[in-house]
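>>> give me a 3D structure for the following:
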Amino acid sequence: MQLLEGKSAIVTGASRGIGRSIAIEYARFGANLVINASRLSEELEQTANMVREQGRLCEIVVGTVNAADTAKAMVAAAVEAYGKLDILVNNAGITNDKPLLMMSEDDFDDVLAINLRGVYQCSREAIREMMKQRSGRIISISSISALSGRSGQCNYAAAKAGIVGFTKSLAREMGKFNVLANALFVGVIDTNMVWRMAPAAKKEVEKSIPLNRIGKPSEVAGPCVFLASDLSTFVTGTTINVSGGGYV
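Residues are numbered from 1 along each chain as shown. Below you'll find the model as predicted:
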């Protein structure tokens, strides 16, 4: 069953990790893709090739998501290549963890620019097309840091909490156009951030999760497939907790 057959999707931050996994799963379930990262890299091209190996089409748009020109280019690429835009996944994000007293204004602003302003820019451009179609899905990746906070993450937690309020307001605005907006509270996932952990620290994190393990990127991609598909036509303005019970 091809849940996303004939759909077109944009996935930001798709060069590796969660973004790559979402793009590949979307292709596996039938969608054609526009993928994005802040710079062209071998990793981004590998993601595109993995999508194409699923028998789907894939366009690449390079640029930072907080720039209006990047958002416009992604939407234009989807419409030009596929005739429409059905799904936007706001996944791109950065971290710059420091105690607040050591966090400069630039440290704070840079994280909010990508993690929150990027969601604004990309969503704002995507809904222009979706409103004309009277259909669409906006899916944004938040974090359990938005719920519980984390030492050294005043900037990151603020941005990820902002995504939740943004998503709820967008859902209210766009419901009459059949454009659904949802988010995911994502826990600790096996990405490059986890790879940098010391083994002892990683074990402590695992012990704090009721499932006793760190999540896989594909386990975030699965709920994103659900939210993009016709299985979720009455789901909007909500956030799914994908943390293995890391926040309950």
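
>>> switch to C-alpha atoms for all contacts and neighbour counts from now on
Will do.

>>> neighbouring contacts of the lengthiest helix in the chain?
Using DSSP state H to assign secondary structure, the helix with the most residues in the chain is helix 154-174. Contact with helix 154-174 is made by 95-97, 99-100, 107-109, 111-112, 115-116, 119, 131, 140-143, 145-147, 149-150, 179-183, 236-239, as judged by CA atoms under 8 Å, 6 or more residues apart in numbering.

>>> which of these count as buried?
95, 97, 107-108, 111-112, 115-116, 119, 140-143, 145-147, 149, 179-183, 236-237, 239 (16 or more other CA atoms under 10 Å).

>>> which ones among those residues map onto strands?
140-143, 179-183, 239 (DSSP state E).

>>> among those, list the two that are farthest apart in space.
Spatial extent of those (CA to CA) is set by the pair 143 and 179 at 22.6 Å.

>>> residues near the nearest residue to residue 117 once chain neighbours are set aside, how many?
The shortest distance from residue 117 to any non-neighbouring residue, by CA to CA, 6 or more residues apart in numbering, is to residue 66 (5.4 Å). Per other CA atoms under 10 Å, the neighbour tally for residue 66 reads 22.

>>> all numbers from here: first residue = 17
Yes, from this point I'll number from 17; that puts the last item at residue 82.

>>> ok, residue 82 - contacts?
129-130, 133-138.

>>> cool, residue 226 as well?
Shown in contact with residue 226 (CA under 8 Å, 6+ apart): 260-262.

>>> flag the least confident of those.
Checking pLDDT across these, the minimum falls on residue 262 at 89.

>>> how much space between the residue sitting nearest the centre point of the chain and residue 84?
What sits nearest the mean C-alpha location of the chain, by CA atoms, centre = their mean, is residue 107, with 2.1 Å. Residue 107 sits 16 Å away from residue 84, going by CA to CA, to the nearest Å.

>>> thank you kindly, that will do.
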